[in-house]
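[1] quick one, fold the following:
(one chain, ligands or ions: 2)
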Amino acid sequence: MTTPILSVEGLRCTIAGQQVVEDVTFDVPATGITAVLGRNGVGKTSTLRGILGLIHRRGRVTLGGERIDGMPTHRIVRRGVGYVPEDREVFAKLSVAENLALAERQRNPRREFVAELFPDLVARKDQPAGTLSGGQQQMVSVARALMNDNRLLLVDEPTKGLAPKIVSEVAAALAEASKTVPILLVEQNLEVVRRLATGAIVIGGGRVVHTGSAAAILDDEDLTRRLLGVHAETTAPHATEADA
Ligand SMILES: Nc1ncnc2c1ncn2[C@@H]1O[C@H](COP(=O)(O)OP(=O)(O)OP(=O)(O)O)[C@@H](O)[C@H]1O
Ligand SMILES: [Mg+2]
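    Ligands and ions are numbered 1, 2, ... in the order given. As a prediction, this is how the structure comes out:
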C-alpha cells in the first residue's frame, strides 16, 4: 500500500468540555474516496472538525507525513486540506461568483476545471447563493473546495436532504473530483457510498469500530445492521415491503 495522505492516531475531541470523539485511529489513502460511516451523533462531523483544528483535539494527525495536530486551522487549510461542511455554509447574500472568488487561495485558481464540472453554476454566476436550490448550494460548496490544488478534501454529508436526481449529480461531481484529489467523505446514503467509496471507516461511540473495503462492509448485512442500524438494502425502493 502507498503512503497514506492522512494518518489519524488516537484522535480525541471535546466541545465545551464534553468529549465527542473518544479515540479515533485511521489512515486515508492518497487516492480515491474513503467513506466515514456511523449512526447519527457518533462523532463523524466532530472527527472532521478535529482534523481541521476547529474544535479542541488531542492525538496525532499527519498530512503527507507532516504533523498538523498542533497547527491552527488556517495553516492546515494552507497545507492543502479543503473542507465542505455539513450545512454547506454558502454566503447567502453573495453571488455564486463571489462565493467562489472568496475561496480562491492560490495565484492560479482552477476556474476552468470548476466551470467544466459545474456548468449550472457558470450560468447562475450572478445569482445570490441564498436563492439557489439545496443541490445548487451544495455544488457551490464543493466548487469552492475545488478552486485550490488541495491534497485532501473533507466532505461532510454532501447529499443530505437532496432529491434523488440531485444526489446523483452531486455524486457524479465528487467522482470526477476524486480523480484529482483524495476525498474523506462522511455519507449516510449507502448507495452513494457504494458508488463512490473504495475504503470505509465505521465510527461507533467515538471510536473506529470497523475498517475495510466499502463494498465488503455494505455486502455484509449483519455488519451494516449492527454498526449502522440500517439494512444496506433499505435504500432500495421496495425494502419496506419485504420488512412488512
Ligand atoms: N456544539 C456542540 N455542543 C455540544 N455537543 C455537541 C455539539 N456538536 C455536537 N455535539 C455532540 O457531539 C456528538 C457527536 O456529534 P457529531 O455532530 O460529531 O456527530 P455526527 O456523527 O456527525 O452526527 P450526524 O450523523 O447527526 O451528523 C453528539 O453527541 C453531539 O450531540
Ligand atoms: Mg455530522
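
[2] how much space separates the residue of the chain found nearest ligand 2 from ligand 1?
    Using Cβ to the ion, Thr45 is the residue of the chain that sits closest to ligand 2, at 3.1 Å. C-beta: built from backbone N, CA, C; applies to glycine. For Thr45, the distance to ligand 1 equals 3 Å [Cβ to the nearest ligand atom, to the nearest Å].

[3] need the residues of the chain near ligand 2, please.
    44-45 (Cβ under 5 Å from the ion).

[4] can you show me the helices along the chain?
    In the chain, helices defined by DSSP state H lie at 44-51, 73-78, 96-103, 111-117, 119-123, 134-146, 164-177, 190-196, 214-219, 221-228, 239-243, listed in chain order.

[5] which among those is found nearest to Glu89?
    Closest approach to Glu89 among those is made by helix 134-146 (6.8 Å; Cβ to Cβ).

[6] how about the spatially most central residue of the chain, nearest residue that isn't a chain neighbour?
    Nearest residue to the geometric centre of the chain (Cα atoms, centre = their mean): Val155, 1.8 Å. Once flanking residues are discounted, Val155 sits nearest to Val84: 4.3 Å by Cβ to Cβ, 6 or more residues apart in numbering.

[7] surely the one you found touches Glu157?
    No: the criterion here is Cβ atoms under 8 Å, and Val84 misses it with Glu157 at 9.2 Å.

[8] for those two, work out which one has more neighbours and name it.
    Taking other Cβ atoms under 10 Å, Val84 and Glu157 do not tie; Val84 has more neighbours (26 against 22).

[9] contact partners for the more buried one?
    Listed by Cβ atoms under 8 Å, 6 or more residues apart in numbering, the contact partners of Val84 are 141-142, 144-145, 153-156, 158.

[10] check Phe91 too.
    Residues near Phe91 by Cβ under 8 Å, 6+ apart: 98-99, 102, 129.

[11] tell me where the model's unsure across the protein.
    Residues of the chain that meet the criterion pLDDT under 70 lie in 1, 231-244.

[12] at 90 what do you get?
    1-3, 87-89, 106-107, 205-206, 221-223, 225-244 (pLDDT under 90).
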